Structures are given as structure tokens and as C-alpha cells.
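K.L.:
here is the input, now give the coordinates:
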Amino acid sequence: MLLVSIGLYLLLTIAIGWWASRRVKNTSDFVMAGRSLPLVVAGAALFATWFGSETIMGAPSRFVDEGMLGIVEDPFGAALCLILVGAFFARKFYEMNILTFVDFFRIRYSRTAELVSAILIVPSYFGWIAAQLVAMAVVLTALTGIPFHWGIIGCTAVVVFYTYIGGMWAVSITDFIQTIIIIIGLVILAVYIGHAAGGFSKVIASTPEGFFRFLPEGNFNSIAHYFAAWITIGLGSIPQQDVFQRVMSAKDAKTSVRASYIGGFMYLTIGFIPLFIALAGRTLYSDMAEGDPQMMVPMMVLRHAPMALQVLFFGALLSAILSTTSGAMLAPATIIGENLVRPYFKNVSDQRLLTIMRMSVVFVAVLSAVMASWSADIFELVGQSSAFSLVSLFFPMTLGMYWKRSSTVGALASMIAGLAVWLFFEIRGSELPSLLHGALVGLVVMVAGSLIWPDKGHRVG
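P.N.:
As a prediction, this is how the structure comes out:
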């Protein structure tokens, strides 16, 4: 009964995506939904950017093991990212009227900066997409018993089909519908599990001393790791195409700003519901400590919730992950088509470019599936993705937007140096988070390079 219901639920979701795909007439529709989304849909789309596997499966497992300090990165860092986007980036990007985030680097710096940033940003999505594929495969394995790797292959095939036909119109509309469903499902489950565990007060009282401590210890090492947790997604996910596309899909600049704030507020509040569910579940069911901690909430629902709640939860969970993955696949595919392929074809038609972007979805999906087979830690995969873009792209983008003396040489040197230092410490190992080394070097090189080798003219004020 559960499998049949979930299958029908997913078919309905795909049908909605198929219906929405009829609006896709050109690349603007495919990438930015024709820049026409109203506030409520745009806000839901920004909220759904990351509200998938890491929020419902990855973060709760960290929360019950490490307490409040374990989930600074998500949901706090993720909410911070959307709020910062609304405060400092949404309006400026919207008014530039560009197709991809990488177009900014061409306008502000040079064609070379565009090419390098595109080459850097595309791989940063592989970990993010892989995390969603891992989550879907893990859930599918738990429900059906099929091998994990076959689950990845099957999930990849479903997401490729969904993304290929729909584009941002399908992503946005399904995001809106699935946001409503996932909130209803999580609230009902939280009430059900919380009541069974003895109520909110009893669940909170069952936690060990210091569980809800939000500030780190006073030593430098703890503070450094705490700061790194805030900025991994908080700053690292700002220079990302999927966030950019959702901002640009709003009907006007004011809507894009407000939608970012709404998405951030929703993420910060709704993101706590899975955390409470996991905490109540650990209090109520001691056997939840066994097995894969990322499956704590899904397994609790599967074993102890009524059938109707199982259908609602698993249908909403899988469709939310599906929608998140679809948007994440669309983002690098858009950059491949617009910034890596199109410049080498002088007279490529819009329809031909649309085909290239769709074929790029397949390329991105295959590489992400391979990465998903290497690592099954959802939280870690997401963190690696955001760290990648933080050390290489955040400072060239931010200083390029707000510092007139930012130069092409400074931007290029920062991208390469920040990434190289981060990779070095990732491989070599370090007591401090490697992204702090990479980010610091990227900032210093950006400033020094711009001062030593300034541009003759500036394209953006």
C-alpha cells in the first residue's frame, strides 16, 4: 500500500512538472521561468532551494548526536545565505538582466574570468546533487530492499527525465506545491511523535546538559570551526546558479528581494521541525540509535507512524528531494550551455541552445551519480559543495560588485589561489577547517592583485 501510494504521488508530481513544461518556449523560460513568478511562488522556490535531504535527513542525525552546535551549518547557515542574498545581491543581479550568474564575471571583468568561473562553478554542484541522489537511494533501499547503487541509478534516471522536460517553470510550480505538502506532513508528524514522547517539555528535558548551547568554547580552534560552519553555506552558497535562477525568476526586483527574505525565514523556522522530530524519536525509540543515523526520521515514520502519515511523509520527502535535485541539475547545465558552449558558436539559435542545456543535464547527472557512489554522507557532500564555491568565487563576485578597484587579474588570481589552497589542506589535513585557509588566501590575493594590477576601466560601478 505504501509503495503504491508513493508511486502514484511521484507520478502526480511528474505530471505537474510535465504540465508546467508546456510553458517552456525558449531559454529564458527554461532557465528563469520567464521572469514572472509572483511573491508566494518565488518565496517557496527559494525556500525549496536546499530544503531536501540535508534538512530532513542529514541535519537531524547531526543534531541528536552533537546538539545545537552540530547544525550551525544547516539550517542556520542556509537561512543566513538567503537573507544575505536579499539584502545585498538580489536587486543588483535582477537589474542586470542576465541569464546566468557567470555572465556577471564577463560583464565586470572579462571573457577569461567568465570562462574560469564557469569551469569552477560547474563541479561545485556535483556534491550537492550527489547528496540528493544518496538520500533518494537510501530511502528507496529502505522501502524496497533494492541495492543502494541500483537505487542511485534509478533515482538519477527519474530526475534526469523530470529536469530535462521541465526547466525552471516545472521546478518553481512543483516547489510551491511540495512546500505546502512537506510542511503539512512535518507538522503532523511532529505533533504525533511529540505527543507520543510525552510532550514538548519532556522531550527538551531529556536532552543532556549543554545540548542547546549555541556558542562555542572560548579557545581559538572551537571559534574557528564555529565560524567556518556559519560561512560554509551562509557565504558559500551565495555564488551559486540555482540561487541566482530563483532570484531572477521573480516578476520584478522588489519581489526577488522579498522572496529571499521569506525563503530565509521559512528555512530558519520550518527547518527546526525535522530536528524536533528526530529528538522526540530518539527519546521515544532507543533503537533509532542503531543503523544509518541519516535514516533516523524516515525509519521512525516507517516503523511507528500510521499508514496515512507514512504515505504523506515519504511522498513529500521524495518529491521535495526530487525538486531540489532538479533545480541543482538545471543550474550547471545552464552554465555549460550559456557560458561554455555558446561563446564558441556565433550564430547558435535559441532553440539549439535550449537543446544543449537539456543535454548538459544528462552530463551533470552522470558525473553526480558517480560521486554519489563514492560517499554516502549527505551532510558532508553538501558542505563540500558550498566550500568549493566559497573559496573560489565569493570574493571575486562580492568585491567585484561593491569595490570599484576590483580587477580582472585580482579576480582570476583569487579564484585559482583560493581553490588551490583549499584543496591542499583538504588533502594534507589541518586542525583548522581547510575552507578558512582557502577563503583567507582568496581574499588577500583578490585585494592585492587588484591593487597591484588594476584594470584600465571598470565595467560595473
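
K.L.:
around the spatially closest residue to residue 315 that is not a sequence neighbour, how many other residues sit close by?
P.N.:
Closest residue to residue 315 apart from its sequence neighbours, by Cβ to Cβ, 6 or more residues apart in numbering: residue 9 at 3.5 Å. All C-beta spots, glycine's among them, are computed from the backbone N, C-alpha and C. Look at residue 9: counted by other Cβ atoms under 10 Å, it has 18 neighbours.

K.L.:
for residue 149, same thing?
P.N.:
Neighbours around residue 149, by other Cβ under 10 Å: 13.

K.L.:
could you point out which element follows the helix or strand hosting it?
P.N.:
Assessed by DSSP states H and E, residue 149 sits inside helix 148-196. As assigned by DSSP H and E, the chain's next helix or strand after helix 148-196 is helix 200-205.

K.L.:
in PDB, list the C-alpha atoms belonging to that following helix.
P.N.:
Listed in PDB are the C-alpha atoms of helix 200-205, where the atom choice follows Å, rounded to 0.1, in the frame of the first residue of the first chain:
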ATOM      1  CA  PHE A 200       7.500  19.200  24.100                       C
ATOM      2  CA  SER A 201       8.700  19.800  27.700                       C
ATOM      3  CA  LYS A 202       9.600  16.200  28.300                       C
ATOM      4  CA  VAL A 203      11.500  15.900  25.000                       C
ATOM      5  CA  ILE A 204      13.500  19.000  25.800                       C
ATOM      6  CA  ALA A 205      14.200  17.900  29.400                       C
END
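
K.L.:
which other helices and strands does that helix contact?
P.N.:
helix 272-284 (3 or more Cβ pairs under 8 Å, 6 or more residues apart in numbering; DSSP states H and E).

K.L.:
repeat that for 10 Å
P.N.:
Contact partners of helix 200-205 among helices and strands, from 3 or more Cβ pairs under 10 Å, 6 or more residues apart in numbering; DSSP states H and E: helix 148-196, helix 272-284.

K.L.:
quick one: the helix holding residue 149 to chain centroid distance?
P.N.:
In terms of Cα atoms, centre = their mean, to the nearest Å, the centre of helix 148-196 is found 14 Å from the chain centre.

K.L.:
and the helices and strands packed on helix 200-205, which is most packed in?
P.N.:
Highest mean neighbour count of these: helix 272-284, a mean of 22 (counted as mean count of other Cβ atoms under 10 Å).

K.L.:
now the angle from that one to helix 148-196?
P.N.:
Put simply, helix 272-284 runs at 80 degrees to helix 148-196, going by axes from the mean of the first three to the mean of the last three Cα atoms, to 10 degrees.

K.L.:
tell me who's in contact with the closest residue to residue 94 other than its chain neighbours.
P.N.:
Distances taken as Cβ to Cβ, 6+ apart place residue 253 nearest to residue 94, at 4.3 Å, with adjacent residues excluded. The contact partners of residue 253, taken as Cβ atoms under 10 Å, 6 or more residues apart in numbering, are 90, 91, 92, 93, 94, 95, 247.

K.L.:
just the buried ones out of those residues, please.
P.N.:
Neighbour counting by 16 or more other Cβ atoms under 10 Å classes 90, 91, 93, 94, 247 among the contacts of residue 253 as buried.

K.L.:
retrieve the pLDDT associated with residue 206.
P.N.:
Per-residue pLDDT puts residue 206 at 86.

K.L.:
also residue 457?
P.N.:
On pLDDT, residue 457 comes in at 57.

K.L.:
before we move on, back to that, distance of the residue nearest to residue 94 from residue 438?
P.N.:
Distance check for residue 253 against residue 438: by Cβ to Cβ, to the nearest Å, it reads 32 Å.

K.L.:
show me the contacts for residue 192.
P.N.:
Counting by Cβ under 10 Å, 6+ apart, residue 192 has contacts 277, 280, 301, 304, 305, 306, 309.

K.L.:
so the fifth one sits against residue 191, correct?
P.N.:
By that I understand residue 305. No. Residue 305 sits out of contact with residue 191 when judged by Cβ atoms under 10 Å, with a separation of 11.5 Å.

K.L.:
just to revisit the earlier point, for the helices and strands packed on helix 200-205, give me TSV that also has distance to residue 43.
P.N.:
Below are those laid out as TSV (distance: least, Cβ to Cβ, whole Å):
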stretch	distance to residue 43
helix 148-196	9
helix 272-284	18
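
K.L.:
who wins for proximity to residue 105 among those helices?
P.N.:
Nearest to residue 105, of all the helices and strands packed on helix 200-205, is helix 148-196, at 21.4 Å by Cβ to Cβ.

K.L.:
what helix or strand is the residue nearest to residue 340 when sequence neighbours are not counted on?
P.N.:
Sequence neighbours aside, residue 118 is the residue nearest to residue 340 in space, at 5.3 Å (criterion: Cβ to Cβ, 6+ apart). Using DSSP H and E, residue 118 sits in helix 111-144.

K.L.:
quick one, that helix and helix 148-196 angle?
P.N.:
Using the same axes, to 10 degrees: helix 111-144 against helix 148-196 is 70 degrees.

K.L.:
avg pLDDT for helix 111-144?
P.N.:
84.

K.L.:
ok so, going back, of the contacts of residue 253, which pair is most distant in space?
P.N.:
95 and 247 (11.2 Å).

K.L.:
any idea how far stretch 428-440 is from the chain center?
P.N.:
22 Å.

K.L.:
also stretch 88-98?
P.N.:
Worked out by Cα atoms, centre = their mean, stretch 88-98 lies 20 Å from the chain centre.

K.L.:
ok, residues contacting that stretch?
P.N.:
Stretch 88-98 has contacts (Cβ under 10 Å, 6+ apart) with 32, 35, 46, 82, 84-85, 101, 103-104, 106-108, 238-239, 243-244, 246-250, 252-261, 338, 397-398, 401-402, 460.

K.L.:
just the buried members of these?
P.N.:
Among the contacts of stretch 88-98, those buried by neighbour count (16+ other Cβ under 10 Å) are 32, 35, 46, 82, 84-85, 101, 103-104, 106, 108, 238-239, 243-244, 246-250, 253, 255-261, 338, 397-398, 401.

K.L.:
can you pull the contacts of residue 74?
P.N.:
50-51, 54-55, 58-59, 62-63, 81, 229, 232-234, 267, 271, 379, 382-383, 386.

K.L.:
circling back to that earlier point, for the helix holding residue 118, which positions count as buried?
P.N.:
Those would be 113-143, for helix 111-144 by 16+ other Cβ under 10 Å.

K.L.:
likewise for stretch 305-324?
P.N.:
305, 309-324.

K.L.:
just to revisit the earlier point, among the buried ones among the contacts of residue 253, which one lies nearest to residue 420?
P.N.:
Once Cβ to Cβ is applied, the member of the buried ones among the contacts of residue 253 that ends up nearest residue 420 is residue 93, at 27.6 Å.
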